[in-house]
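Colleague: Build me a model from this:
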Amino acid sequence: MSALAGAPTIRAMAELLSAVEIDPKGPVQASVVWLHGLGADGHDFAAIVPELALPDELGARFVLPHAPSIPVTLNGGMVMPAWYDISEVDLQRRHDEAGVRRSAAQVAALLQREHERGVPWNRIVLAGFSQGGAVALFQGLRHPERLAGVIALSTYMVVAESLDDEASDANRDVPILQAHGSLDPMVPIERGEAARDELQRRNYPVEFHSYPIPHSVNLEEIQTVADFLMRVLT
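Modeller: Okay, the predicted model is just below:
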């Protein structure tokens, strides 16, 4: 199926999310769609983009979408930006599959738009932090067109039980970068390691790094992300 043929289907499923966009100084030649964590918004990682210090000639546009605001059960039903509902602290239990799939469709629509704006599929990276990283892994492994890479920071896998049936052949060997803080009290590193093990069991080429930090990123991790982007987009 061609990308253009798939576009109406994607848009029938999802409205296009609003997003912070950071364009390169020169022509756009690549795109990084980066999903924030629970309760944040697209501005959350905007300050990190210049810290990556990517060369101008890479031509990377960053698209940082805002998740819709929904009631989050774990937080007493408070309405906040979230990619899906979380009902329990135990991240090993079944997740809000309907919410995950709704957000994944919205992310797919953003990826489609980047392609329609002239960026080849194999020069688009899907990234995310925490809850956003879970959606990035979910959609990246199921996306029908080959992506340049997937970045999953301080996160875990959701709806893993359907991956064997839904995995995209195009992304069976997509490069995956995982990074996690060993002192993370919100998403324990064991959840990240479990995701890594699930990916390795299915023979995905996953690169895993840990840092002595809480639920956050540090300069060393930012450099790791920059190195990964240079490898997959060059």
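Colleague: after the lengthiest helix in the chain comes which helix or strand?
Modeller: Longest helix in the chain, counting residues (DSSP state H): helix 97-116. Once the chain leaves helix 97-116, the next helix or strand it forms, by DSSP states H and E, is strand 124-129.
Colleague: neighbouring strands for that following strand, and are they parallel or not?
Modeller: strand 30-35 (parallel), strand 149-153 (parallel) (DSSP bridges).
Colleague: chain center to stretch 210-222: distance?
Modeller: 17 Å (Cα atoms, centre = their mean, to the nearest Å).
Colleague: now do the same end-to-end measure for it.
Modeller: By Cα to Cα, to the nearest Å, the extent of stretch 210-222 from end to end equals 12 Å.
Colleague: tell me the contacts of the residue of the chain positioned farthest from its centre?
Modeller: Note on the chain: the largest C-alpha distance from the chain mean falls to residue 76, namely 26.0 Å (Cα atoms, centre = their mean). Counting by Cβ atoms under 8 Å, 6 or more residues apart in numbering, residue 76 touches no other residue. (C-beta placed from N, C-alpha, C; glycine too.)
Colleague: and if you look at the one 4 residues further on?
Modeller: If a contact means Cβ under 8 Å, 6+ apart, then residue 80 has 38, 39, 69, 70, 72 as its contacts.
Colleague: Out of those residues, which is nearest to residue 147?
Modeller: residue 38 (23.8 Å; Cβ to Cβ).
Colleague: What count of nearby residues applies to the closest one?
Modeller: 21 (other Cβ atoms under 10 Å).
Colleague: Got phi/psi on the nearest residue to residue 224 once chain neighbours are set aside?
Modeller: Using Cβ to Cβ, 6 or more residues apart in numbering and skipping the chain neighbours, the partner closest in space to residue 224 is residue 209 (5.5 Å). Here the main-chain torsion angles of residue 209 (degrees, to the nearest 10) amount to phi -130, psi 150.
Colleague: I figured residue 209 was touching residue 178, is that so?
Modeller: Yes. Under the criterion of Cβ atoms under 8 Å, residue 209 makes contact with residue 178 at 7.2 Å.
Colleague: which one of these two has more residues nearby?
Modeller: Using other Cβ under 10 Å, the more surrounded residue of residue 209 and residue 178 is residue 178, with 22 against 15.
Colleague: Report the distance from stretch 108-118 to the chain centre.
Modeller: Worked out by Cα atoms, centre = their mean, stretch 108-118 lies 15 Å from the chain centre.
Colleague: Likewise for stretch 37-55?
Modeller: Relative to its chain's centre, stretch 37-55 lies at 13 Å (Cα atoms, centre = their mean).
Colleague: now swap in stretch 120-132 and tell me
Modeller: For stretch 120-132, the distance to the chain centre is 5 Å (Cα atoms, centre = their mean).
Colleague: hey, C-alpha coordinates of it in CSV?
Modeller: The C-alpha trace of stretch 120-132 is given here as CSV (Å, rounded to 0.1, in the frame of the first residue of the first chain):
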residue,chain,number,x,y,z
PRO,A,120,11.3,10.1,3.3
TRP,A,121,10.0,7.4,5.6
ASN,A,122,13.5,6.2,6.3
ARG,A,123,14.5,9.6,7.6
ILE,A,124,11.8,9.8,10.2
VAL,A,125,12.5,8.9,13.9
LEU,A,126,9.8,8.3,16.4
ALA,A,127,10.9,9.2,20.0
GLY,A,128,9.2,9.4,23.4
PHE,A,129,9.8,9.8,27.1
SER,A,130,8.0,7.7,29.8
GLN,A,131,4.3,7.4,28.7
GLY,A,132,5.2,9.0,25.4
